[in-house]
Every structure is written in C-alpha cells, then in structure tokens.
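**Student:** Sequence and computational prediction follow.
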Amino acid sequence: MTPFVADPVYLNGQFLPLNEAGVSPLDRGFLYGDGVYEVIPVYSRKAFRIDEHLKRLQATLDGIKLRNPLAAHEWKSVIFKLIEAAPWDDQSIYLQVTRGADDKRDHAFPPLSVPQTAFAFASPLVTTSAEVRAKGVAAITVPDLRWSRCDLKVVSLLANVLARQEAVEQGCAEALLIRDGYLKEGAASNIFIVKDGLLLAPPKTHLMLPGITYDVILELAEHHGQPLEVREITETELRAADEVWMTSSTKEILAITTLDGQAVGTGEPGPYGEKMWQWYQDFKNTVMRNG
Ligand code: PMP
C-alpha cells in the first residue's frame, strides 16, 4: 500500500523515520492548538509558488506573534530534501510550527528560551478522479462558527473540522461557510460562483484564507479576459448561481453541482468551470511543473 507520509520526515532540525519522530505531550500545538501550518503542492518534484507559501506562513506566524524557527532559505532546503527523498513526482508538503513545549501549562506564551516545534513531511498529491470531476460534487451550507482571523492558517481547525464532518455525514464533499448572510469560503477550500457569465469571488478579508489557488484563478481569469468581480457574495446570490466551484491546491477547481440538496444551475458542471479547469491544467503543465 502507498504510504501517506514519506520517510524521512523533518522534526526540529533532523530528518528521521516517522515512527521515531516524537513531540512532548506538553507541546502547545497539542494543548492549545497554538501553531500554524502550510501545505505546498509539488508538481514533477517542483514546489509550486514556494515563496508565496513561505510568505503566507510568515504572515500567519506574525499574526500569532510566533518567531519563525527557520529562515526562508532554510525552509527551502528542508522542503527540497523532503521532495528528493519521497517516492512520488507529484507531492504535497506539509509544514507545521508550534509554540513548543514549556514545563507547565499556562495560556500565556512560554519564555523565549522554549524552542518552537517545527515539523514537515511529504505525501503523495491526491487529485480528483475524472469520474468525480465529470459529475461534480455535493455540498452543504453551514453557519461560519470560526473566530475572526480566518486569514491565518492556524492549526486550531476545530470549527472547520466540525463543518467538514457535517458535510461528510450528509454524503457531501464540502461545507460552505456562511457568515452574516455572506459566503466566505469552504471548510477547506475557497469558493467561486458564476452568474450570467460573470465570475464572482469573495474578497480577501480577515474572514477568509487567502488561497494560493484563488490567486492563480484570478490571474487566469484576467489573462484570458474572463469577466470577474471580487466582492462580497450574499447567500441569496450563492443559491441563484449558475455555477459554484470549490478551489484548493489539492482539489484544483471542482464543480459543486448540488447545494443543500438542490441542483446548482443545470445540476451538471458548467462551461465556465470547465474552461477554467482547462486553463488551470495548461498552466499546471507549462508553469507549475517548472516550479
Ligand atoms: N480555505 C481554507 C479554509 C483552506 O483550508 C484552504 C486549503 N485547504 C483553502 C481555502 C485553499 O487554499 P490553497 O489554495 O492555498 O490550497
């Protein structure tokens, strides 16, 4: 069976087998969810938009006042070693930094002498099958119960976990998060809608994760002359959309064809999503595979 995590993994300056990598039960990632993470897709052994991912990691670290244990060039060296050692050409690199383990439990930050925990590993990049893509997927809407710094990629993901579990229990692929009557994003994806040929994207605010795929889609829309508006989307507009897409590094662009049991548009993946998917594939094969 293909393992989900390649050996070696990286932990605090060392490369070692997963079953030899351990952290203290007093680690603040474990006690408080006090940490950050990043997921970087790798195509043909080239890390895609590595600088942007490391920038987003730094923005999240700054947002929670946690020092970055590694300089950008050191992260790159760790990432390149993991990619080289893993058996797959297309991968997903996971990075995590927590505020480390003090010798007691206290909400306030530990002394600066307590080192951060830095962990990273490679997995195979699992993309959507052609059959699933051809039909699209079902999604539900749920109230967005997260905190108000959703722009930070922090490991405390309990609200996202509960939202996604609700989707899974209803046989759905994603939960769309609605806050104060507006669509924000999915539990683990950004969401776009199409209405009368116009592509609509919610703006990057503190209530949405700035997705790297989201940026690629905005760039592709602009490059190909696809009419686009970045603005808040109401729940009513979401329900009246011709097309709804979820996007992420691993899902790429995936049509949501059923929402809360109702067909989205015709109930099949629409032409705009198909076009964007093709632009994305072309971009992947010409640019992403070159890093
Ligand atoms: N929003 C949330 C809440 C996410 O967890 C993710 C990543 N899974 C995204 C959006 C998409 O981000 P990216 O395109 O960088 O994968």
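**Tutor:** Good, I have the coordinates.

**Student:** who in the protein is up against the ligand?
**Tutor:** Residues of the chain lying near the ligand by Cβ under 6 Å from any ligand atom: Asn160, Glu185, Ala188, Ser189, Asn190, Leu209, Gly211, Ile212, Thr213, Tyr214, Ser248, Ser249. Bear in mind the C-beta positions are built from the backbone N, C-alpha and C, glycine included.

**Student:** how far away is the fourth one from Leu228?
**Tutor:** Computed with Cβ to Cβ, to the nearest Å, the distance linking Ser189 and Leu228 is 18 Å.

**Student:** can you check the fifth one too?
**Tutor:** Relative to Leu228, Asn190 is positioned 14 Å away (criterion: Cβ to Cβ).

**Student:** Ile193 in helix, strand or coil?
**Tutor:** Of the three states, Ile193 takes strand under DSSP: H, G, I helix; E, B strand; the rest coil.

**Student:** distance of the closest residue to it other than its chain neighbours from Gln262?
**Tutor:** Excluding its sequence neighbours, the residue lying closest to Ile193 (Cβ to Cβ, 6 or more residues apart in numbering) is Ala241, at 3.9 Å. Taking Cβ to Cβ as the measure, Ala241 falls 11 Å from Gln262.

**Student:** ok, now Trp277?
**Tutor:** Distance of Trp277 to Gln262, computed by Cβ to Cβ: 23 Å.

**Student:** So between those two, which is more surrounded?
**Tutor:** With other Cβ atoms under 10 Å as the criterion, Trp277 and Gln262 differ in neighbour count, and Trp277 comes out ahead with 18 against 8.

**Student:** Now the more buried one, what are its backbone angles?
**Tutor:** Here the main-chain torsion angles of Trp277 (degrees, to the nearest 10) amount to phi -60, psi -40.

**Student:** what about the nearest residue to it once chain neighbours are set aside, which SS state?
**Tutor:** For Trp277, ignoring the flanking residues on the chain, the nearest one in space by Cβ to Cβ, 6+ apart is Ile253 at 4.8 Å. With three-state DSSP as the basis, the three-state label of Ile253 is strand.

**Student:** From what I see, Ile253 and Ile217 are in contact.
**Tutor:** Yes - shown here, Ile253 and Ile217 form a contact pair, counting by Cβ atoms under 8 Å, at 7.1 Å.

**Student:** Would you mind listing the outside residues contacting whatever helix or strand Ser77 lives in?
**Tutor:** Under the criterion DSSP states H and E, the helix or strand holding Ser77 is helix 72-85. The list of residues contacting helix 72-85 from outside it, by Cβ atoms under 8 Å, 6 or more residues apart in numbering, reads 6-10, 15, 40, 42, 45, 47, 50-51, 54, 57-58, 70, 91, 93, 95, 120-122.

**Student:** Do a quick rundown of the helices in the stretch 151-291 of the chain.
**Tutor:** Using DSSP state H, counting those that start in this stretch, the helices found in the stretch 151-291 of the chain span residues 158-169, 212-223, 235-239, 271-286.

**Student:** Cheers, nothing more for now.
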